[in-house]
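Enquirer: 3D model of this:
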Amino acid sequence: MKASITKTQFGVLQDGRPVELYTISNAKGAVLKVTNYGTIITELHVPDRAGRLGDVVLGFDNLAQYLAGHPYFGCTIGRVANRIGGAKFTLDGKTYTLAANDGPNHLHGGLKGFDKVLWQAEPQQNGSIKFTYTSPDGEEGYPGTLNVTVVMTWTDQNELVLEYTATTDKPTPVNLTNHSYFNLAGEGDILGHVLMLSASHYTPADATLIPTGEIRPVAGTPLDFTTPTPIGARFDQLDTNPRGYDHNFVINRAGKGLALAARVFEPKTGRVMEVFTTEPGVQLYTGNFLNGTLKGKRGVVYAQHTGFCLETQHFPDAVNKPTFPSIILRPGQTYQQTTVYRFSVRV
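Expert: Numbers count the residues shown, from 1 in each chain. Alright, predicted model coming up:
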């Protein structure tokens with residue numbers, strides 16, 4: 001059996017454009033579903049230790065629910081993932097003002113980021129779909145026309161491979177990621193998921209989650225996941241409101257290329273998810289703002305901490321922090337990012 005890709009209609013946008021849903025089934029029968037609206041991963045069915053398939057991502061059954069608003073379930077985030085402090089930045093002597101859509105700050109590309117646009121989709125061979133989008137000069141306040149490609153591949157080894165590239169005609173900040181919420185049990189909260197982060201440092205932030213510019217060790221803090229620890233084990237040591245993690249970690253790496261960022265184990269099902277990335281950071285978010293008001297697939301209520309995100313990225317507010325790795329892309333350069341989510345089981 002080879003990987004198969006099927007296309008169905010997922011709904012229609014207000015302007016009449018049809019939205020497609022692609023289903024990729026690999027040789028093992030595991031299934032990925034993704035729509036070209038926001039390149040949202042709507043379903044991901046992987047086996048547990050008994051071989052039973054289960055959907056391990058949060059999302060909705062239909063397009064209307066996504067259009068009604070949601071906390072970035074499963075989508076591509078851009079032009080700049082995470083936060084930009086004060087919703088502005090200065091580049092080559094010019095100051096650009098962005099939408100302040102998260103208190104005083106700019107979050108996840110603005111009011112209509114890449115998560116809310118219709119991408120062009122081209123199914124490829126070997127279980128891949130190529131998504132493309134052209135972000136015009138000035139969109140959401142960003143300079144330059146940005147041509148973006150995201151190739152999603154669902155391999156026969158139950159690996160979700162995300163390959164991002166972008167080019168620009170003017171200098172502009174770029175920081176792309178995927179914002180899937182995972183629950184390896186398929187239901188309930190994620191507090192008992194056992195997490196290991198390959199990160200001995202993090203970027204401390206202020207009350208609005210803008211980094212101070214420091215890089216501190218995680219040792220001796222509730223942010224130390226260098227040893228596998230249940231996600232909820234130290235919630236009572238956090239001073240966050242609402243309670244939970246929403247922190248950027250600095251990935252330990254020896255050089256360029258893919259590095260292990262995280263490993264998550266769900267004891268009841270035996271499911272394991274490993275995250276590899278070329279990026280310098282990963283944001284751990286534990287669904288702190290989920291509050292039971294959203295009903296997802298199959299009518300499931302998404303209460304607080306029913307999903308976690310591992311968003312591979314450059315650091316938040318990097319455009320305003322010269323000591324952080326740069327996110328500025330210039331004409332003639334190509335932005336490249338690869339992240340792999342690998343699923344397996346532990347007996």
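Enquirer: and residue 159, how far from residue 3?
Expert: Distance, residue 159 to residue 3, using CB to CB, to the nearest Å: 12 Å. (Glycine included, C-beta is placed from N, CA and C.)
Enquirer: what residues do those two have in common as contacts?
Expert: When CB atoms under 8 Å, 6 or more residues apart in numbering defines a contact, no residue borders residue 159 and residue 3 alike.
Enquirer: contact partners of the helix or strand containing residue 64?
Expert: Element membership of residue 64, judged by DSSP states H and E, is helix 63-67. Helix 63-67 has contacts (CB under 8 Å, 6+ apart) with 10-14, 19, 35, 37-38, 40, 59-60, 73.
Enquirer: give the buried residues for that helix.
Expert: By 16 or more other CB atoms under 10 Å, the buried positions in helix 63-67 come out as 63, 65-66.
Enquirer: equivalent analysis for stretch 101-113, please.
Expert: Buried residues in stretch 101-113, counted by 16+ other CB under 10 Å: 101-102, 105-110, 113.
Enquirer: could you dump it to CSV, C-alpha only?
Expert: The C-alpha coordinates for stretch 101-113 follow below in CSV (Å, rounded to 0.1, in the frame of the first residue of the first chain):
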residue,chain,number,x,y,z
ASN,A,101,-4.1,42.2,18.9
ASP,A,102,-2.7,40.9,22.2
GLY,A,103,-2.9,43.7,24.7
PRO,A,104,-0.2,46.2,23.8
ASN,A,105,1.5,43.6,21.6
HIS,A,106,1.3,42.1,18.2
LEU,A,107,0.6,38.3,18.1
HIS,A,108,0.9,35.6,15.5
GLY,A,109,0.9,37.8,12.4
GLY,A,110,-1.9,40.2,13.3
LEU,A,111,-5.6,40.4,12.7
LYS,A,112,-5.5,38.4,9.5
GLY,A,113,-2.3,36.3,9.6
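Enquirer: how far is it from where the chain is centred?
Expert: Remark: stretch 101-113 is offset 16 Å from the chain centroid, using CA atoms, centre = their mean, to the nearest Å.
Enquirer: for stretch 22-35, same thing?
Expert: Here stretch 22-35 is found 19 Å from its chain centre; the criterion is CA atoms, centre = their mean.
Enquirer: start to end distance for it?
Expert: 6 Å (CA to CA, to the nearest Å).
Enquirer: tell me the mean pLDDT for that stretch?
Expert: Averaged over stretch 22-35, pLDDT sits at 97.
Enquirer: which positions within that stretch qualify as buried?
Expert: Under 16+ other CB under 10 Å, the buried positions of stretch 22-35 are 22-26, 28, 30-35.
Enquirer: which of the residues you listed fall in strands?
Expert: Members of the buried residues of stretch 22-35 lying in strands (criterion: DSSP state E): 22-25, 31-35.
Enquirer: count of neighbours near the closest residue to residue 102 other than its chain neighbours?
Expert: The shortest distance from residue 102 to any non-neighbouring residue, by CB to CB, 6 or more residues apart in numbering, is to residue 83 (6.3 Å). Neighbour count for residue 83, taken as other CB atoms under 10 Å: 25.
Enquirer: again, but for residue 36
Expert: Quick note: residue 36 (other CB under 10 Å) scores 24 neighbours.
Enquirer: that one contacts residue 20, correct?
Expert: Yes. At 5.1 Å, residue 36 and residue 20 qualify as touching, with contact defined as CB atoms under 8 Å.
Enquirer: okay, and the common contacts of those two?
Expert: residue 121.
Enquirer: what bridges to the nearest residue to residue 336 once chain neighbours are set aside?
Expert: Nearest residue to residue 336 in three dimensions, chain neighbours excluded: residue 165, at 5.5 Å (CB to CB, 6+ apart). As for beta bridges, residue 165 partners with residue 149, residue 336 under DSSP bridges.
Enquirer: how much space between the residue located most distally from the centre of the chain and residue 171?
Expert: Distance from the centre of the chain peaks at residue 93, with 31.1 Å (CA atoms, centre = their mean). Noted for residue 93: a distance of 11 Å to residue 171, by CB to CB.
Enquirer: touching both of the two, which residues are there?
Expert: Contacts common to residue 93 and residue 171, judged by CB under 8 Å, 6+ apart, are absent.
Enquirer: ok, the residue nearest to residue 347 when sequence neighbours are not counted - contacts?
Expert: Among residues not flanking residue 347 along the chain, residue 49 sits closest, at 5.7 Å (CB to CB, 6+ apart). Neighbouring residues of residue 49 by CB under 8 Å, 6+ apart: 269-271, 345-347.
Enquirer: out of the residues you listed, which end up buried?
Expert: Buried by 16+ other CB under 10 Å: 269-271, 345, out of the contacts of residue 49.
Enquirer: need those in JSON lines (columns: secondary structure, distance to residue 53 and pLDDT).
Expert: Shown next, in JSON lines, are the buried ones among the contacts of residue 49 (DSSP: H, G, I helix; E, B strand; the rest coil; distance: CB to CB, whole Å; pLDDT from 0 to 100):
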{"residue": "269", "secondary structure": "coil", "distance to residue 53": "11", "pLDDT": "98"}
{"residue": "270", "secondary structure": "coil", "distance to residue 53": "13", "pLDDT": "98"}
{"residue": "271", "secondary structure": "strand", "distance to residue 53": "11", "pLDDT": "98"}
{"residue": "345", "secondary structure": "strand", "distance to residue 53": "12", "pLDDT": "98"}
